[in-house]
Structure formats: C-alpha cells, structure tokens
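>>> my questions concern the predicted model and sequence given below.
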Amino acid sequence: MRRLGFSFLLTSLLTLAGCSTVSDWISPPNEDPPAELQEIKTRLDVQTLWERDIGGGSGDKRLNLVPAYLDGRLYVADADGQVSALDAATGRTLWSVKLDAPLSGGPGVGEGLVVIGTTDAEVIALAQSDGGLKWRAPVSSEVLSTPAVAEGRVVVRTIDGKVDGLDATDGKRVWRYERQIPVLTLRGTGSPVLSGSHVLCGMAGGKLVSLNVSDGAVLWDATVSVPSGRSELERLADIDGDPLVQDGIIYVATYQGEVAALEEASGALLWRRKFSSYSRMAADRYNVYASDAEGSVWALDADNGSARWRQRALHNRQLSDVALVGGVVAVGDFEGYVHFLSPDDGAFLARVRVGSDPIGKGMIVAGDVLYVMGEGGALAALRPGERH
C-alpha cells in the first residue's frame, strides 16, 4: 500500500525486473499533514463480534496480505510465513501452519486450496481443510496480488507485468499473458478478479484485460486511462485497485488517471471521468463509492459517473479500500480507524478503531459482517446495526 503526501513528493526508486518502481511517497512534517479527526455524533450501532491479533501482519512492507472468506472460514497470512484458518463467526483458530517463505500476496481460496504468493517469486498452495502443503511453484517475479482460484486454475499476477495460469492440481504453468510495463510504476498490483469463466486484470499504464481462465486467451483489452505528462512520474496511470464487477458492469480506477465503467462482456466504455485512486471501490445499483488519492471519499452515479457527494474530512489519511456493508459505506485509515458513512450524503455515522496500524487493503465483507485487518496484525469482525 502506498503512503502518499501530495504537496511534496520524495520519490524513492527501486530497480525491479528491468523497470523502476515508486516504492514510497513521503510528506515532511507539517507539509499538508493528515486531517485531524473531529468528534462525531454516533448515529450507527457497530457491534464488534470478535477481535484478535494474528501476529506479524504485513508491517510497513507494502504487501497485499488480505483476509479471504469462504464457507464460514476466514483465511489470513502474515509476512513471517504464518497462514491460518479461522472460524469466521468466533475468530477461533481451526488450523495454522508456518511456511519457510516471506509471504506477500493473498491468500486466495478455492478448489480446495489456500494459495499465497511470496516476495521470492513463488506460489504456495495449501489444503483448505487442514493447511497441508499441496505444491510450490516458481513464477517470474514477486507476487503482490491475491491469486485467483477457479475452474482448475490458479491465476497469479506478478509485478513484472505477467499473468500466469497454473494448474490447480500441481502448480504447473498452463498459460501466460504478458504486457510490457512502463519505465515507472507504483509498487503494487491489482489482483486478478474472477467473473464466470474469465478473469479481469488491471495493468500498469492504465490497461484492463479480460482473459479466459482455462487457456489465457485474450477476450478483450481496454484502455481505462491514457498516460499523459512530460515526466515518467506524471505519466503514472496504474490500475492498482482491483476491478469491481457489478451486474455486468466493471468499475475500475487508475492512479493519476480516470475512473471508468465498462461493459463486462465486451470491454466497451460506458463512461469515464478524471479521478486518481489506488484502492478498490464498492458499488450498489445507484452509486459507486471510492476513495481518491488525496483522502476524499466519493459517491459517483453508477449510470454516468457524476458526483453525488464528496466527504473531504479524511484528507491525506491514507485511506483503505472502500467497502459497502449493512447498507453503509466503510473506509479505514492509517491510524486503524474504520469510518462508517451514510450512502445518502457521506455524513459520518460511526467510528471504530481496529489496532493502531494502517488498514490499507485489509477489509472484506461477508454477508452483513466487515472483517478488518490492520498492517500490524490486528483483526476484527464488525457488524453495523441500527441507525439512530
């Protein structure tokens, strides 16, 4: 996850796989600092079902270790190699294994597997039932996305612009899609998103591609945002948040680019507007909810992209992915706070703290429960209740 200071950019560059990656953004003290939280009137009951500490989390390494939910279980991993299955209702540990690998992306769950990527360019598959090792497979570079598992394939996106389809039974590579990446990219990648028999991948440079899960055939590709500017830094237009599929429409945003809606079947552009984001969005029939790179939360009209409301009070608080749970909008920040907003006008309804570390991408929804994991390993299950 990126740490962004927008009035002053100190850019640190790493050379990886023949490209340069923006690894950090630092704002000096008192230079457009994060907004101070103001006291709010609580108008929403939020029940903490359970909370616990899972250990190392992802720390400040800007990894993509995000909880995964399936069939009443929650699967979590930390950077030190610990992978656990928890009872989603109680938080109780069902099994836990320690891997001799630096974990960085996942877990992804499906086909009886729990699949995790590593910083050492490896994919590891465990048995969903008990955590037993099923296979390990090499890939071309570090994995900072969550592997997708379906239809006998494990689809893995690596930071060098490649997407591999691995056989779910043994990890052998069946197909590969690759695209040349720009000279400069954000450190991080959007995760492959499964929808039916195809998988959607947001790429560096503002491209979105739809691939057949079984053989990797390109069904379509679309330009979400055209990089512009004189410098490579100005031309950054990566899709770093996962594409969102809702009722046959794909919503996707780029950093320093646009947010767009496309037809899932063809990739045809329905609408597009200027917007900069590196986070996953949420949507209902009427609105798309998104946090921008400066810390505002927006509701955009799902039919045309026009702004319905904008909440500015979280400026520069390094916001997480946005979630929609129990009919309200939720977003986390860099101090571990989860803010609950009204979908009608963006007004604050409640605020709950989960640890003290950034939340980043560590929020998922299952039914009426929001599971939140901070980068330090604090994990909680929250259920929004009645408004008052």
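Received the coordinates, thanks. The structure displayed is predicted, hence computed values, not measured ones.
>>> any stretches of this structure with poor pLDDT?
For the chain, the stretches flagged by pLDDT under 70 are 1-31, 56-62, 181-189, 225-240, 255-256.
>>> how about 50 then?
Along the chain, the model assigns pLDDT under 50 to residues 1-30, 183-187, 229, 231-237.
>>> the stretch 251-388 of the chain: strands as residue ranges?
257-263, 269-275, 282-283, 287-291, 297-301, 307-311, 322-325, 328-332, 337-341, 348-353, 363-366, 369-373, 378-387 (DSSP state E, counting those that start in this stretch).
>>> extract the CA atoms of the last one and return them as PDB.
Presented in PDB, the C-alpha positions along strand 378-387 are these (Å, rounded to 0.1, in the frame of the first residue of the first chain):
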ATOM      1  CA  ALA A 378      -4.900  -6.600  14.500                       C
ATOM      2  CA  LEU A 379      -8.000  -8.400  13.200                       C
ATOM      3  CA  ALA A 380     -11.700  -7.700  14.000                       C
ATOM      4  CA  ALA A 381     -15.200  -8.700  12.800                       C
ATOM      5  CA  LEU A 382     -17.600  -5.700  12.800                       C
ATOM      6  CA  ARG A 383     -21.300  -5.800  12.200                       C
ATOM      7  CA  PRO A 384     -23.200  -2.500  11.600                       C
ATOM      8  CA  GLY A 385     -26.600  -2.400  13.200                       C
ATOM      9  CA  GLU A 386     -29.400   0.100  13.600                       C
ATOM     10  CA  ARG A 387     -29.100   3.700  12.700                       C
END
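>>> grab the nearest non-local neighbour of residue 162.
Once flanking residues are discounted, residue 162 sits nearest to residue 178: 4.4 Å by C-beta to C-beta, 6 or more residues apart in numbering. Glycine gets a C-beta too; all of them are placed from N, C-alpha and C.
>>> didn't that neighbour look like it was pressed against residue 164?
No - using C-beta atoms under 8 Å, residue 178 is not in contact with residue 164; the gap is 9.1 Å.
>>> whichever helix or strand residue 46 is part of versus strand 348-353: what angle between them?
Element membership of residue 46 [criterion: DSSP states H and E] is strand 44-53. Using axes from the mean of the first three to the mean of the last three C-alpha atoms, to 10 degrees, the interaxial angle of strand 44-53 with respect to strand 348-353 works out to 20 degrees.
>>> follow-up on the earlier one: tell me which of the strands of the stretch 251-388 of the chain sits nearest to residue 149.
Across these, residue 149 has its closest neighbour in strand 363-366 (15.6 Å, C-beta to C-beta).
>>> contacting residues for the residue nearest to residue 162?
Contacts for residue 178 (C-beta atoms under 8 Å, 6 or more residues apart in numbering) come out as 161-163.
>>> tell me, how many residues neighbour the residue nearest to residue 198 when sequence neighbours are not counted?
Excluding the flanking residues, the one nearest residue 198 by C-beta to C-beta, 6+ apart is residue 210, at 5.1 Å. Around residue 210 sit 23 other residues, with neighbours defined as other C-beta atoms under 10 Å.
>>> for residue 210, give the beta-bridge partners.
Using DSSP bridges, the bridge partners assigned to residue 210 are residue 200, residue 220.
>>> list the buried residues in stretch 344-361.
For stretch 344-361, a neighbour-count test (16 or more other C-beta atoms under 10 Å) marks 346, 348-352, 354-355, 357-361 as buried.
>>> ok, back up a step: and the residue nearest to residue 198, how far is that from residue 120?
Applying C-beta to C-beta, to the nearest Å, the value for residue 210 to residue 120 is 30 Å.
>>> one more: residue 209?
Relative to residue 120, residue 209 is positioned 26 Å away (C-beta to C-beta).
>>> neighbour count winner among these two?
Neighbour tally, residue 209 and residue 120, criterion other C-beta under 10 Å: the higher count belongs to residue 209, 21 against 14.
>>> starting at the chain centroid, how far to stretch 269-289?
On the basis of C-alpha atoms, centre = their mean, to the nearest Å, the separation between the geometric centre of stretch 269-289 and that of its chain is 14 Å.
>>> buried residues, that stretch. List them.
The neighbour-count check on stretch 269-289 (16+ other C-beta under 10 Å) flags 271-272, 275-283, 287-289 as buried.
>>> so what strands line up beside the strand holding residue 46?
Strand pairing (DSSP bridges) places strand 44-53 next to strand 378-387 (antiparallel).
>>> need the residues that contact the strand it pairs with.
43-54, 57, 67, 76, 88, 91, 325-328, 330, 336, 338, 340, 349-350, 352, 354-357, 368-373.
>>> now do the buried residues in that strand.
Neighbour counts over strand 378-387 (16+ other C-beta under 10 Å) mark 378-382, 384 as buried.
>>> and which of these is nearest to residue 83?
Using C-beta to C-beta, residue 379 comes nearest to residue 83 of the buried residues of strand 378-387, at 13.7 Å.
>>> now the closest one, nearest residue through space, not along the chain?
Closest residue to residue 379 apart from its sequence neighbours, by C-beta to C-beta, 6+ apart: residue 373 at 4.7 Å.
>>> kindly report the same for residue 176.
Excluding the flanking residues, the one nearest residue 176 by C-beta to C-beta, 6+ apart is residue 164, at 5.2 Å.
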